[in-house]
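**Student:** please work out how this folds:
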Amino acid sequence: MKDPLFSSIDKRSEHLCAMADEIFDHPETGFEEHRAVKLLTDYLTQEGFAVQIGLGSLPTAFRAEYTFGDGSGARIGLLCEYDALKKIGHACAHHLQGPSIIAAAAALKENLADSDNCRIIVYGTPAEEGGGGKITMLDEGFMADIDVALMMHGSPTTCTDVRSMACVEANVVFHGKSAHAALKPDAGRSAFDALLLTFQGIEFLREHLLEDSRMHYTVSELPGPANVVPDTAKGTFSLRSYNSAYLNGTIKPRFEDIVKGAALMAGVTCELSYDRTLDSKVPVLALNDIVMENARLVNAPTLRPPREKTGSSDFGNVMFRVPGSCIRIAFVPEGTSSHSQTFLDYGKTKDAHDALVYAAKILAGTAWDMVKEPEKLAAVKAEFAATKEKMAQA
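**Tutor:** Numbering: from 1, shown residues only. This next block holds a predicted model:
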């Protein structure tokens, strides 16, 4: 039943693999991905999608939509990244994502009918590598128009993910009073003492948190000479949990108490600020199952069980708001680390091109299932709501 859908991708594969190679050969870092955006959006425009380039404050974000019938049915979101790493280039395989996603979108456009009353919505999301482009897009109201979010990513194995870590970075500055450490130490109030007390407090806190929580810290600015009581001390802290509700409701308040307590003990004042938070994914196993059924259908390589726990990603912020899944497609040897030279070396190989095509077919097939069998999308939405409610109670 999906053969025509997959054939639509096959006939586009040579052109789209060449597009991936061009993106690979001209790496662009976060928020500077103008060449990649033009390649992707020109293709979508030619395929009949309504394209908007530049979303909110992000010139290299884009949205493309094709509507069938009255558009009252499933709203399928297909997301792609295209930013490269600084200095090393596309060592995370983001060059494969855009061409794979637009292949899936074009195939769906060619094979669905007006009677399906659905919408295929492609979002181009810049600056995943440290820029958090999806967070800005969500904050500015984008991606509220999709029922499900689907992505692909190059990988050593073909699998899905279950959980990811919520993460927030905190910046703490303590202000004390400088004095000569030998001649008049009683006149000083050491800001650095407060920072050291904060580090120690975190060590005591660890045993009282859920075991899969994480806390890291470092001195972000060294104090002055040893014979001077430092009047300023700065530290950076990363707080992580596999549950955003637990991070925000338990870890952050207890961390804040430690900072305030350290300032009180040292007789100094403190400033505490947070950078953007990466949310934890709300896992939807029913959606992962649909994705992997399609992976088996197309005989994708190196099929493996899902990754139960992963690091942090701005895709977590999307999956915290709508059901989502990312198919990770094998194209490098099993065991290879991302952001590595091996990822770079394999970037334009046949394995990479095959991964692009496999992922396009898997995501097109997944979208097809949810459009043609609305009960599947309903089950995905129901599981998402139930899981998110359960996580909120942790």
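
**Student:** can we go C-alpha only for contacts and neighbour counts from here?
**Tutor:** Noted.

**Student:** give me the beta-bridge partners of Arg240?
**Tutor:** For Arg240, the beta-bridge partners under DSSP bridges are Cys167, Arg214.

**Student:** that one touches Ala170, doesn't it?
**Tutor:** No - assessed by Cα atoms under 8 Å, Arg240 is found out of contact with Ala170, at 11.1 Å.

**Student:** of those two, which one has the most company?
**Tutor:** Summary of the neighbour comparison: Arg240 and Ala170, criterion other Cα atoms under 10 Å, with Arg240 having more neighbours (29 against 20).

**Student:** what's the pLDDT at that one?
**Tutor:** The predicted structure scores Arg240 at 97 on the pLDDT scale.

**Student:** mind checking how far it is from Gly124?
**Tutor:** When distance is defined by Cα to Cα, to the nearest Å, Arg240 is 27 Å away from Gly124.

**Student:** what does Arg254 give?
**Tutor:** The spacing between Arg254 and Gly124, counted by Cα to Cα, is 37 Å.

**Student:** more neighbours, the two?
**Tutor:** Set side by side, Arg254 and Gly124 show unequal neighbour counts under other Cα under 10 Å, the larger going to Gly124 at 26 against 16.

**Student:** so Val51 lies in a strand, does it not?
**Tutor:** Yes - under the criterion used here (DSSP: H, G, I helix; E, B strand; the rest coil), Val51 sits inside a strand.

**Student:** those strands in the stretch 51-200 of the chain, which residues are they?
**Tutor:** Counting by DSSP state E, counting those that start in this stretch, residue ranges of the strands within the stretch 51-200 of the chain are 58-67, 75-80, 119-124, 148-155, 161-163, 166-175, 179-180.

**Student:** and the shortest one, which strands flank it?
**Tutor:** Read that as strand 179-180. Strand 179-180 pairs in its sheet with strand 228-229 (antiparallel), by DSSP bridges.

**Student:** which residues are contacting the strand it pairs with?
**Tutor:** Defining contact as Cα atoms under 8 Å, 6 or more residues apart in numbering, one finds that strand 228-229 is touched by Lys177, Ser178, Ala179, His180, Ala181, Pro185, Gly188, Arg189, Ser190.

**Student:** again, 6 Å this time
**Tutor:** Contacts with strand 228-229, where a contact means Cα atoms under 6 Å, 6 or more residues apart in numbering, come from Ser178, Ala179, His180, Ala181, Gly188, Ser190.

**Student:** run a quick neighbour tally on the last one.
**Tutor:** What it means is Ser190. The tally of other residues near Ser190 (other Cα under 10 Å) stands at 26.

**Student:** surely it and Gly176 touch.
**Tutor:** Yes - in this structure, Ser190 sits in contact with Gly176. The criterion is Cα atoms under 6 Å, and the distance is 5.4 Å.

**Student:** spit out the residues that contact the two alike.
**Tutor:** Common contact partners of Ser190 and Gly176 (Cα under 6 Å, 6+ apart): Asp231.

**Student:** circling back: Leu78: which of the contacts of strand 228-229 is nearest?
**Tutor:** Ranked by distance to Leu78 (Cα to Cα), the contacts of strand 228-229 are led by Ser190 at 52.6 Å.

**Student:** tell me the average confidence for the helix or strand Asp257 falls within?
**Tutor:** Using DSSP states H and E, Asp257 falls within helix 252-266. Mean pLDDT, helix 252-266: 98.

**Student:** buried sites along that helix?
**Tutor:** Buried residues in helix 252-266, counting neighbours by 16 or more other Cα atoms under 10 Å, are found at Lys252, Arg254, Phe255, Ile258, Val259, Lys260, Gly261, Ala262, Ala263, Ala266.

**Student:** which residues touch that helix?
**Tutor:** By Cα under 6 Å, 6+ apart, the surrounding residues in contact with helix 252-266 are Ala194, Leu197, Thr198, Thr269.

**Student:** the residues you listed in helices, which ones?
**Tutor:** Using DSSP state H, Ala194, Leu197, Thr198 are the members of these that sit in helices.

**Student:** the contacts of helix 252-266 into a markdown table, with extra columns for pLDDT?
**Tutor:** Shown next, in a markdown table, are the contacts of helix 252-266 (pLDDT from 0 to 100):
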| residue | pLDDT |
| --- | --- |
| Ala194 | 98 |
| Leu197 | 98 |
| Thr198 | 98 |
| Thr269 | 98 |
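
**Student:** low-confidence stretches in the protein?
**Tutor:** Applying pLDDT under 70 to the predicted model, the chain contains no residue that meets it.

**Student:** try 80 this time
**Tutor:** 394 (pLDDT under 80).

**Student:** which single one of the contacts of helix 252-266 is nearest to Asp345?
**Tutor:** With Cα to Cα as the yardstick, the closest approach to Asp345 among the contacts of helix 252-266 comes from Thr198, at 43.5 Å.

**Student:** what about that closest one, how many residues nearby?
**Tutor:** 24.

**Student:** that one and Gly77: what is the separation?
**Tutor:** The gap separating Thr198 from Gly77 is 43 Å, by Cα to Cα.

**Student:** just Lys87 next, same as before
**Tutor:** Lys87 sits 31 Å away from Gly77, going by Cα to Cα.

**Student:** for those two, indicate the residue with more neighbours.
**Tutor:** Gly77 (24 against 8).

**Student:** contacting residues around the more buried one?
**Tutor:** Per Cα under 6 Å, 6+ apart, neighbours of Gly77: Ile121, Val122, Ile146, Val148, Ala149.

**Student:** if we go to 10 Å?
**Tutor:** With contact set as Cα atoms under 10 Å, 6 or more residues apart in numbering, Gly77 has these partners: 64-65, 105, 119-123, 143, 145-151, 322, 324, 367.

**Student:** give the buried residues for stretch 182-194.
**Tutor:** Gly188, Arg189, Ser190, Ala191, Phe192, Asp193, Ala194.

**Student:** ok, now stretch 76-95?
**Tutor:** For stretch 76-95, a neighbour-count test (16+ other Cα under 10 Å) marks 76-85, 89-95 as buried.

**Student:** how about stretch 348-363?
**Tutor:** Here stretch 348-363 shows 348, 351-363 as buried, counting by 16+ other Cα under 10 Å.

**Student:** I am finished for the moment; much appreciated.
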